[in-house]
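**Q** I'll drop the sequence and a predicted model, then ask my questions.
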Amino acid sequence: METSTTTSTLKKESTDNEDDNDNQKKKKEFPQTFPDSFPIYPGVANYDQSRAETADTVVFTVFYRTDQDVLTVSNFYQSALPNSSYSITQKEEHEESIAYFFKKGTKEDGNVVIEVDMEEGGTRVTISLILR
């Protein structure tokens, strides 16, 4: 099975009036095959992402950080995933992190890990999204 991987850093200057339109603009920075319906925490300006591909699967991994606390970001995903038609199949809580496992039909699944950023403060978010 042949696998290809690409990595890049995507940056956008943040503005004072971030809203749903700004969230849609940020999503346009992601690869074209990243689902537009996947929720991204509002006000995030810097993303790192990688993409790995096999014959029948694409795996995106997106990393970003925010100054908001883990609970605030977790509450966003707990609400935004179902509102975007993703079913939360499992939730794991640890001392300094919360993970949501999700799926959408038979074509998309993955997880969101929200954790304390020990080096820089704030919260680090890792999204792994698998498309079939």
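**A** Thanks, I have the structure now. Numbers count the residues shown, from 1 in each chain.

**Q** going forward, measure contacts and count neighbours with C-alpha atoms only.
**A** Will do.

**Q** Let me know the secondary structure of Q78.
**A** Following DSSP: H, G, I helix; E, B strand; the rest coil, we place Q78 in the helix state.

**Q** number of nearby residues for it?
**A** 15 (other C-alpha atoms under 10 Å).

**Q** how about it, what does it touch?
**A** 88, 100 (C-alpha atoms under 8 Å, 6 or more residues apart in numbering).

**Q** ditto for Y77
**A** 39, 41.

**Q** Would you report the backbone torsion angles of D36?
**A** When read as degrees, to the nearest 10, the backbone of D36 gives phi -60, psi -30.

**Q** How about V73?
**A** According to degrees, to the nearest 10, V73 has phi -70, psi -40.

**Q** how about the strands of this protein, start to end?
**A** 4-11, 46-53, 58-66, 87-94, 97-104, 108-116, 123-131 (DSSP state E).

**Q** Excluding residues flanking it in the chain, which one is nearest F63?
**A** T126 (4.6 Å; C-alpha to C-alpha, 6 or more residues apart in numbering).

**Q** same question, F34
**A** F60 (7.6 Å).

**Q** what do you get for D56?
**A** Leaving aside its chain neighbours, D56 sits nearest to R132 (5.9 Å; criterion: C-alpha to C-alpha, 6+ apart).

**Q** Enumerate every residue touching the residue lying closest to K103 once chain neighbours are set aside.
**A** Leaving aside its sequence neighbours, K103 sits nearest to D109 (C-alpha to C-alpha, 6+ apart; 4.0 Å). Listed by C-alpha under 8 Å, 6+ apart, the contact partners of D109 are 101-103, 129-131.

**Q** Make JSON lines out of those residues and add neighbour count, distance to F76 and pLDDT.
**A** Converted to JSON lines, the contacts of D109 look like this (neighbours: other C-alpha atoms under 10 Å; distance: C-alpha to C-alpha, whole Å; pLDDT from 0 to 100):
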{"residue": "F101", "neighbour count": "19", "distance to F76": "14", "pLDDT": "96"}
{"residue": "F102", "neighbour count": "20", "distance to F76": "14", "pLDDT": "95"}
{"residue": "K103", "neighbour count": "20", "distance to F76": "17", "pLDDT": "95"}
{"residue": "L129", "neighbour count": "22", "distance to F76": "17", "pLDDT": "92"}
{"residue": "I130", "neighbour count": "20", "distance to F76": "21", "pLDDT": "92"}
{"residue": "L131", "neighbour count": "18", "distance to F76": "23", "pLDDT": "89"}
